[in-house]
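Visitor: Model the structure of this input:
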Amino acid sequence: MRIISAIDSFKGCLGSVQANSAVKNGAEGHDVVCVPVADGGEGTASAMCAALRGEMVNCETFDPLMRPISAAYALCGEMAVIDVAAAIGLPLLSADERNPLLTTTYGVGVMIVDALRRGARRIMVAMGGSSTNDGGMGLLNALGVRFLSKDGAALPPCGASLAKVAAIDTFGLDNRLSRCEIVAGYDVLTTAIGPEGCASVFAPQKGADSLMVTALEAGMRNFADVAWRAYFEAVGSGAAGGIGAGLTAVLGASTVRGVDMVLDACGFDNTIAGADLIVTGEGAIDSQTLMGKTPMGVLERGLRRGIPVVAVSGRIREREKLLEAGFADVVCINPDGLSPQAAMCPERAMENISATIARILAHYC
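Guide: Have a look, this model is predicted:
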């Protein structure tokens, strides 16, 4: 059989490359093509780097509280792939440091500047896993944009400033951006404003209490009125605390589902031509997977070509909904009775994936 393995990372356990390697080990004797994948969240840059045979490069930047750090992104020819989580990820802050009124996306902008300096003509921003809710103000500030209050004073680029923005000054915008395409990949369907917007849905996970959520929502609405509200109401605009809205409204960036961004860049449709089976999956799958996570994006591509798609995972919920969506099978890799601690052991997880694949192929063969 010709098998395509396109598994996302098992967060906290295996990367996409490792998980796909385990599939290949379990499919001994078959023709297996491994495609590292991601959905726009953490790990997108490394997956794209592996798939496109690029290189990971380091740059000096800033964390969400403007402390100097070193962060890596992928450089694949003239295309750069930047995970916002590398600079402003939630794990970079301790629990008592998490406050989306104070955190900033500035460090991501510094990474974009570094990519421009290295000659990137296309920059893909993977907007997942941030600790911020500043609408991309920090990122844009690093690129030369100033945000002004009603009295003309420059505002610090953080969530607390959203409500004070009265004008956006793009005079100092890095002119290299005019020769560069910006693509923003979202991993959630959240808008930047509204009852289901980024402040209401995700700010509490980033340290916001109810008063902060109210302030951030009001601030984002003000920012939307100064920029262009339609961008803030678009699907995916709320990813990474509104970075999607800021990139589109101010820079004219295009937005796309993160998984489609990755699959298109990797030429996935051509890769799966003539395949007999596609294997996908991630650490945990449930009905939320159908909202645009990696397995769903892979499933859609397989269904278009009539290729069966099997999903494997360490934890499965709502299996019937997943089968109704079109998966040929949805299989848990962990044997009954395995403790969560043992399941998270990378070596054990790879063994379990390989054994699961061998059982699946025994059925198909």
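Visitor: CA only for contacts and neighbour counts going forward, please
Guide: Will do.
Visitor: how many neighbours does E320 have?
Guide: 13 (other CA atoms under 10 Å).
Visitor: Give me the distance from the helix or strand that it is a member of to the chain's centre.
Guide: Assigned by DSSP states H and E, E320 falls within helix 319-325. Offset of helix 319-325 from its chain centre (CA atoms, centre = their mean, to the nearest Å): 24 Å.
Visitor: Show me where the stretch 151-300 of the chain has its helices.
Guide: For the stretch 151-300 of the chain, the helices defined by DSSP state H, counting those that start in this stretch occupy 198-202, 210-226, 229-232, 239-251, 258-265, 268-271, 294-304.
Visitor: Worst mean pLDDT among the ones you listed?
Guide: Of all the helices of the stretch 151-300 of the chain, the minimum mean pLDDT falls on helix 258-265 (a mean of 92).
Visitor: in the helix holding E320, what's buried?
Guide: By 16 or more other CA atoms under 10 Å, the buried positions in helix 319-325 come out as R319, L322.
Visitor: Next: stretch 348-361.
Guide: Neighbour-count burial for stretch 348-361 flags A349, M350, E351, N352, I353, S354, A355, T356, I357, A358, I360 (criterion: 16+ other CA under 10 Å).
Visitor: Quick check: closest non-adjacent residue to the fourth one.
Guide: Same thing as N352. With CA to CA, 6 or more residues apart in numbering as the criterion, N352 has its nearest non-adjacent residue at 5.4 Å, and that residue is I333.
Visitor: Tell me if A19 really is in a helix.
Guide: Yes: the assignment for A19 by DSSP: H, G, I helix; E, B strand; the rest coil puts it in a helix.
Visitor: What distance do you get for A230 to F202?
Guide: Counting by CA to CA, to the nearest Å, the gap from A230 to F202 is 20 Å.
Visitor: With neighbour numbers in mind, choose between the two.
Guide: Legend: neighbour count by other CA under 10 Å for A230 and F202, higher for F202 (22 against 12).
Visitor: So for the spatially closest residue to L189 that is not a sequence neighbour, what's the pLDDT?
Guide: Excluding the flanking residues, the one nearest L189 by CA to CA, 6+ apart is G236, at 4.5 Å. Listed pLDDT for G236 reads 93.
Visitor: now the buried residues of stretch 348-361 as a markdown table including secondary structure, distance to M79 and pLDDT?
Guide: Putting the buried residues of stretch 348-361 into a markdown table (DSSP: H, G, I helix; E, B strand; the rest coil; distance: CA to CA, whole Å; pLDDT from 0 to 100) gives the following:
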| residue | secondary structure | distance to M79 | pLDDT |
| --- | --- | --- | --- |
| A349 | helix | 33 | 96 |
| M350 | helix | 31 | 97 |
| E351 | helix | 35 | 96 |
| N352 | helix | 35 | 96 |
| I353 | helix | 32 | 97 |
| S354 | helix | 33 | 97 |
| A355 | helix | 37 | 96 |
| T356 | helix | 36 | 96 |
| I357 | helix | 34 | 97 |
| A358 | helix | 37 | 96 |
| I360 | helix | 37 | 94 |
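Visitor: Return the member of those nearest to M137.
Guide: Of all those, M137 sits closest to A349, with 40.2 Å by CA to CA.
Visitor: Now do the strands in this protein.
Guide: For the chain, the strands defined by DSSP state E cover 2-7, 31-34, 55-62, 68-76, 79-83, 122-127, 146-148, 167-169, 181-186, 254-257, 277-285, 309-316, 329-332.
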